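A.B. asks: Sequence first, predicted coordinates after that:
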Protein chains: 2
Amino acid sequence: MSDATSRYLDDLAVGDNFTSSTYEITADEIIAFASQFDPQPFHTDEIAAQNTFFAGLAASGWHTASLTMKLLVASFPVAHGIVGAGGDIAWPSATRPGDILHVDSTVLKITPSRSKPQGMVQVESLTKNQHGEIRQRLVANQVVPRRDH
Amino acid sequence: MSDATSRYLDDLAVGDNFTSSTYEITADEIIAFASQFDPQPFHTDEIAAQNTFFAGLAASGWHTASLTMKLLVASFPVAHGIVGAGGDIAWPSATRPGDILHVDSTVLKITPSRSKPQGMVQVESLTKNQHGEIRQRLVANQVVPRRDH
């Protein structure tokens, strides 16, 4: 959010890359998040999770999404903040306890507004663990202001 | 998750509707979630939020998504739990303090697997407040097992 490093629409180009810092997720965090927002045995109970689709404790996809946002806010410096209009999200594999996550983001498309001093920026963000396994693919549309705004 | 009320693939039909219970979101919750996962002034600071895109405190979209999941888990009773492969998400407007949210879900499409005793069920879930304003539209793809699995 710092002006010194924040990008305006004018500063972004298709193909720009941003890599986040890392975040290690624990079983306790997976269980705490899921207990509040996604209370299903494969997200809240290490033993019960063994006999489910996931064959072991797995983070809620919304937990992976929320941690991705945490990493993005610190690594994708857009002026006036990241304002997402929505996007496509997929979880090719589940986030597991001990995963050390980071996010690789790439600008896919920039569409300036015809009427407002802003534009829509489409960004692909891949959330990967320390082994390069993709835990989430998000293609999000973000509103980004022009510099003269 | 109860077998008595859980639906298998065989029990679902295109057009089936499910309505969740309600959940009232507070400013404190918005700030707590965002402080952990989406620390931007329009999500964490009621005063600073006034001069932003949102013109007031707004929940992180991922908070709306997580609360939607909480409501879905209790209202969309799928056998063996809701296993989401991903989907499209959009936030036509931001969730605000005092919003009383509920989720209206409709089965859009059912695609049985040719090789496994399961299928992919596409469900649209609209998250609305007490005034009928749509805070989130999610079209999610869920893996649902057949009854004989």
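C.D. replies: Perfect, I can see it now. Numbering: from 1, shown residues only, chains lettered A, B, ... in the order given.

A.B. asks: what ranges do the helices span in chain A?
C.D. replies: Assigned helices in chain A, in chain order: A:27-37, A:41-44, A:61-75 (criterion: DSSP state H).

A.B. asks: Using TSV, please lay out those together with distance to chain B.
C.D. replies: All C-beta spots, glycine's among them, are computed from the backbone N, C-alpha and C. As requested, these are exported to TSV (distance: least, Cβ to the nearest Cβ, whole Å):
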stretch	distance to chain B
helix A:27-37	4
helix A:41-44	6
helix A:61-75	4
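
A.B. asks: so which of those gets nearest B:Pro97?
C.D. replies: In this view, the helices of chain A are compared for proximity to B:Pro97 by Cβ to Cβ, and helix A:27-37 is the closest at 18.1 Å.

A.B. asks: Please name every helix or strand in contact with the lowest-mean-pLDDT helix or strand in chain A.
C.D. replies: For chain A, scoring each helix and strand by mean pLDDT, DSSP states H and E identifies strand A:83-90 as the least confident one, at a mean of 92. Secondary-structure packing of strand A:83-90 (3 or more Cβ pairs under 8 Å, 6 or more residues apart in numbering or on different chains; DSSP states H and E): strand A:134-145, strand B:83-90.

A.B. asks: where's A:Pro39 relative to A:Gln136, distance?
C.D. replies: The span separating A:Pro39 from A:Gln136 equals 21 Å under the rule Cβ to Cβ, to the nearest Å.

A.B. asks: Among those two, which residue is more densely surrounded?
C.D. replies: When A:Pro39 is set against A:Gln136 and neighbours are counted by other Cβ atoms under 10 Å in any protein chain shown, the residue ahead is A:Gln136, at 24 against 18.

A.B. asks: so what pLDDT did the residue nearest to the more buried one when sequence neighbours are not counted get?
C.D. replies: Counting by Cβ to Cβ, 6 or more residues apart in numbering or on different chains, A:Gln136 lies nearest to A:Thr127, which is 4.0 Å off, once chain neighbours are set aside. Note for A:Thr127: predicted pLDDT of 98.

A.B. asks: No further questions, thank you.
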